[in-house]
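> starting from these lines, generate the structure:
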Amino acid sequence: MRKLIEFLKYNKKWNIALWVIIGVFLTGALLAINGKENQLRVSGVDISIEPRELLSFLDSLKVIEILKGEDVERNLIGESRESINIDEMERSLESYPFIESADVSLDLSGKLIVKVIQRSPVLRIINSQLQSYYVAKSGYKMPMHISFSPRVLIASGNIAETLTDSTGVQSQLLRDLLAIANFCAEDAFWHSQIEQIYVDNYMDILLIPKVGNHSIVFGSAENLEGKFERLKTFYLQGLNKIGWDAYSKINLKYDSQIVAERRDYVPPAPVVPPVSAPTNTN
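Numbering: from 1, shown residues only. As a prediction, the model looks like this:
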């Protein structure tokens, strides 16, 4: 064997011939494999949908329906590899608004393997026209589902953007609302505490908590983490001592401070200067 290797090493013609033979062999093997794949027929469909917990936008029957396309009578089982357009199947699945990504493949046993990842909404918008839609973590807008309503933060009030304006969030207001929703979704405390978001006529974002009879004037999502940190400190060091219903409004709009309005606060009456009687100049 060593002599053969040395012979090939010092004889370029034989070296080249050897590589040509290897190339022809590999090409033939690939063509044989491709020929076998083209002769494959679908023996079954294996569908996996993630995440399973808390999301039920679609099931295996819906996935099959999308794979069939317009031909509702189509039977995928028994179809040949040549008749199946895997790229088109993936595009059809990913065009469904509740699917984030899809992967379709056919293994050597003839099994059609379909892997689907659902979109995860974090926010439900009820805009000023009372139109409702969801916004996913990524900012993608999703329509309401006919039979499934995930439990997410609800934002309502002075929100102009609609579902059909664009596929993703477009306005700065909606980007701010999404940033707040994503922050709350990832933090256990705020996920439990913040129940609803409202946009007032001054375009200020108000947070409505589950615990405590007060509203939180958040303003915009600028310095978002700092605002939530100040609010949490105020909760723990202030409201825990004097009661969670002591204030009717907590304002976080101003930098590095909190302005809180007590529930029993009565503004002083305006001071009206005495009116002197007119003097007779006659």
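
> gap between the two ends of stretch 189-200?
25 Å (CA to CA, to the nearest Å).

> no, scratch that, I was asking about stretch 132-152
End-to-end span of stretch 132-152 (CA to CA): 13 Å.

> list the buried residues of it.
133-137, 139-142, 152 (16 or more other CB atoms under 10 Å). Heads up, the C-betas are built off the backbone N, CA and C, glycines and all.

> then stretch 198-211?
Of all the residues in stretch 198-211, those buried under the rule 16+ other CB under 10 Å are 198-199, 204-207, 209.

> any residues touching stretch 51-71, and which ones?
Outside of stretch 51-71, the residues within contact range by CB atoms under 8 Å, 6 or more residues apart in numbering are 45, 47, 49, 72, 74, 76, 89, 92-93, 96, 98-99, 104, 114, 116-120, 145, 148, 150-151.

> one more pass at 7 Å, please.
The contact list for stretch 51-71 (CB atoms under 7 Å, 6 or more residues apart in numbering) reads 45, 47, 49, 74, 76, 89, 92-93, 96, 98, 114, 116, 118, 120, 145, 148, 150.

> got a quick ChimeraX command for the buried subset of these?
This is the ChimeraX syntax for the buried subset of those, where burial follows 16+ other CB under 10 Å:
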select :45,47,49,89,92,93,96,98,114,116,118,120
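
> can you tell me which of the contacts of stretch 51-71 are in helices?
Counting by DSSP state H, the part of these found in helices is 89, 92-93.

> now do the end-to-end distance for stretch 233-243.
Its first and final residues considered, stretch 233-243 spans 14 Å by CA to CA.

> now the helices for the stretch 151-282 of the chain?
Ranges of helices in the stretch 151-282 of the chain, per DSSP state H, counting those that start in this stretch, are 172-186, 188-193, 224-234, 240-242.

> and the ones you listed as CSV, adding mean pLDDT, mean neighbour count and distance to residue 253?
Converted to CSV, the helices of the stretch 151-282 of the chain look like this (pLDDT from 0 to 100; neighbours: other CB atoms under 10 Å; distance: least, CB to CB, whole Å):
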stretch, mean pLDDT, mean neighbour count, distance to residue 253
helix 172-186, 97, 20, 13
helix 188-193, 94, 14, 18
helix 224-234, 92, 16, 9
helix 240-242, 77, 9, 22
